[in-house]
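Q: based on what follows, work out the 3D shape:
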Amino acid sequence: MDDSCAVCAEHLEWVAYGPCGHREVCSTCVARLRFICDDNRCCICKTESKVVFVTKALEDYTRLINDFLVFPSNSTEGQVGSFWYHEDTQAYFDDIDHYKMIKAMCRLSCSVCDKMENQGNDGSKRRGKFKSIEQLKGHLYHQHRLFMCNLCLEGRKVRSVYFRK
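A: Coordinates of the predicted model:
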C-alpha cells in the first residue's frame, strides 16, 4: 500500500474500503464519490460495495475487516455497536471524530447563511440543513434570490454555482 491516495494523491491518513479490500483511496474521495456522484463502486476494481469501512491508514497495520457481514444491513445514522454509521455514504467508522468530519462534509447547506452565521451579525444560529438539492435550491431562491446553475449541477457534480437572475 502506497502512502498517498490513488485518486487525489494527498497523504493517505484515512482509508475507506469495501469487501474487495482495496485500501488505496482516502475516505474523503470515497465519501465524495458515494455522496455527490452516487457511485458506490471501488475506485480500483469497480466492484459495487453496499457499505465501506473507514479507518486510520497505518500501512500494513491498517485495521482489516475481512467479513463485511459483521455490519448490520439495516443500520441507521449514528453509533452501531463499536462503530459509527453514516447513512449518506453508507460507511462505518471506527473513529467518532472522523465520522463527524465526514458527516459535516456531506451536509447540504447554504453558503450565504453560513457566511452570515460566521460574521455573527444577527446573533442567530440557524444553520440550515437541507434534505435534497431541490430543497436547497428553493431556499436559495426564496431567501436570497439566487439560483443554482443546472448545467453545473448536472455536468459537474462536485461544485455548484449560484447566480442572480
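
Q: which stretches of this protein form helices?
A: 27-35, 96-105, 111-119, 133-144, 150-155 (DSSP state H).

Q: tell me the most buried of those helices?
A: helix 27-35 (a mean of 22; mean count of other CB atoms under 10 Å). Any C-beta I mention is one placed from the backbone N, CA and C, and that applies to glycine too.

Q: picking up where we left off before, can you put the helices of the chain in TSV and add mean pLDDT and distance to D88?
A: Below are these laid out as TSV (pLDDT from 0 to 100; distance: least, CB to CB, whole Å):
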stretch	mean pLDDT	distance to D88
helix 27-35	92	5
helix 96-105	92	8
helix 111-119	78	19
helix 133-144	87	13
helix 150-155	65	17
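
Q: which of those sits closest to A6?
A: helix 27-35 (8.3 Å; CB to CB).

Q: output the contacting helices and strands for that closest one.
A: strand 14-17, strand 52-56, strand 91-93, helix 96-105 (3 or more CB pairs under 8 Å, 6 or more residues apart in numbering; DSSP states H and E).

Q: between those, which one is closest to S73.
A: Using CB to CB, the helices and strands packed on helix 27-35 put strand 91-93 closest to S73, at 11.8 Å.

Q: name every strand pairing with that closest one and say which way it goes.
A: Strand 91-93 pairs in its sheet with strand 52-56 (parallel), strand 83-86 (antiparallel), by DSSP bridges.

Q: tell me the buried residues in the first one?
A: It stands for strand 52-56. For strand 52-56, burial by neighbour count (16 or more other CB atoms under 10 Å) applies to 52-55.

Q: nearest to E10, out of the helices of the chain?
A: Of all the helices of the chain, it is helix 27-35 that lies closest to E10, at 7.9 Å by CB to CB.

Q: using PDB, write out the CA atom coordinates for that closest one.
A: Provided in PDB are the C-alpha atoms of helix 27-35 (Å, rounded to 0.1, in the frame of the first residue of the first chain):
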ATOM      1  CA  SER A  27     -12.000   8.400   3.000                       C
ATOM      2  CA  THR A  28     -12.700  11.900   1.600                       C
ATOM      3  CA  CYS A  29     -12.500  10.800  -2.000                       C
ATOM      4  CA  VAL A  30     -14.700   7.800  -1.300                       C
ATOM      5  CA  ALA A  31     -17.200   9.900   0.600                       C
ATOM      6  CA  ARG A  32     -17.400  12.400  -2.300                       C
ATOM      7  CA  LEU A  33     -17.900   9.600  -4.900                       C
ATOM      8  CA  ARG A  34     -20.600   7.900  -2.800                       C
ATOM      9  CA  PHE A  35     -22.400  11.100  -1.600                       C
END
